[in-house]
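**Q** Whatever this is, show me its structure:
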Amino acid sequence: MIKLAIVNLISSKLWPYLLIVLATFFAPIKTVMTAVIVLMLIDFICGIIAAKKRGDKITSNKMKDSVIKLFLYQLAIFCAHLITVYFIKGIPFVNIVAGLIGCTEMLSIFENISNVTGINFIKHIKDAIITNLNRKNDRN
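**A** The predicted structure is shown next:
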């Protein structure tokens, strides 16, 4: 009887407040979390295209790994936000963590594009960055 009363209290009275608290807490990082999801979706699509081109079998296990990775990436961003808000306010941990995740996903996307097109996409980008940096250094 007491368990039922507690469940009813939680389900009817506290959930709206809990959702408001969570929404308020996540509001500053929703754009970052969304950007990571978008990058993961692009990587997922490129990965499927690359796997089909290679003739690899696409299994639910591989898709499950993507779901787990999505959850873990979001958890990492959430933890970075906790640290920034409650422990070390001066360091943008969310940006650092999201930047690392974004670079990892971007590299994976470029690898998949290279596999599909046969063009070493990563090498072309690396060469363009080096050329740009060299031009910048020559001006100084």
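
**Q** any idea which helix is longest in the chain?
**A** Longest helix of the chain, by residue count under DSSP state H: helix 60-86.

**Q** Next SSE downstream of that helix?
**A** Following helix 60-86 in sequence order, the next helix or strand is helix 93-117 (DSSP states H and E).

**Q** Centre-most residue in the chain?
**A** Residue closest to the average C-alpha location in the chain (CA atoms, centre = their mean): V36, at 2.9 Å.

**Q** Looks like that one contacts A98 (just checking).
**A** Yes - contact criterion CB atoms under 8 Å: V36 and A98 qualify, at 6.3 Å. In this view, the C-beta of every residue, glycine as well, is placed from N, C-alpha and C.

**Q** on that earlier part again, and the longest helix of the chain, what's its mean pLDDT?
**A** What helix 60-86 shows for mean pLDDT is 91.
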